[in-house]
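# need coordinates for the below:
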Amino acid sequence: MELGANAMIIAGDLFDTKKVTRKELDSTLAIIERANNMTFFYLPGNHEKDALTSSGEALPENLLVFGFEQFLAVCLADEHTRNGRA
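This is a model prediction of the structure:
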């Protein structure tokens, strides 16, 4: 975020185990939610499969999960647009 990134791709295996604890899940979702100026694109890996989506927890608005939410396109503002320049 210090470098001006406004999106992050998490390409699988966010967790290193198939059994994700409630504490790990809550901590991860809280970190993502606090980074509300960034969009996270998450492709679940084979370790955690659907740990985030089957938890029953509401996912942060800035977390898009491939295979869970149906989205066609996401428009991300570039550095010039974010700073009010055209």
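# spit out the contact partners of A7.
38-41, 76 (CB atoms under 8 Å, 6 or more residues apart in numbering). From N, CA and C alone the C-beta is placed, and that goes for glycine too.
# which ones among the residues you listed map onto strands?
Of the positions in those, 39-41 sit in strands, assigned by DSSP state E.
# correct me, but H47 touches F15?
Yes - the pair H47 and F15 qualifies as a contact (CB atoms under 8 Å) at a distance of 5.7 Å.
# comparing those two, which residue is more hemmed in?
Between H47 and F15, F15 has the larger neighbour count (other CB atoms under 10 Å), namely 18 against 15.
# please give the element, helix or strand, for the closest residue in space to the more buried one that isn't next to it in sequence.
Leaving aside its sequence neighbours, F15 sits nearest to E48 (CB to CB, 6 or more residues apart in numbering; 4.3 Å). For E48, there is no host helix or strand (DSSP states H and E).
# now do E57
E57 belongs to no helix or strand, assigned by DSSP H and E.
# go on, the one 3 residues further on?
Using DSSP H and E, P60 sits within no helix or strand.
# over to it: give its phi and psi.
Phi and psi for P60, reported as degrees, to the nearest 10, are phi -60, psi 150.
# surely it touches L29?
Yes - counting by CB under 8 Å, P60 does reach L29; the two are 6.2 Å apart.
# L29 and E61 touch, don't they?
No - with contact defined as CB under 8 Å, L29 does not count as touching E61 (11.5 Å).
# pick out whichever of those two has more residues nearby.
A count of neighbours by other CB under 10 Å puts L29 above the other of L29 and E61, at 17 against 10.
# so that one: helix, strand or coil?
Under DSSP: H, G, I helix; E, B strand; the rest coil, L29 falls in the helix class.
# next, the contact list for it, please.
52, 57, 59-60, 63.
# can you give me the helices in this protein?
Ranges of helices within the chain are 22-34, 79-82, based on DSSP state H.
# which of those helices is buried the deepest?
Mean neighbours per residue, mean count of other CB atoms under 10 Å, is largest over these for helix 22-34, with a mean of 14.
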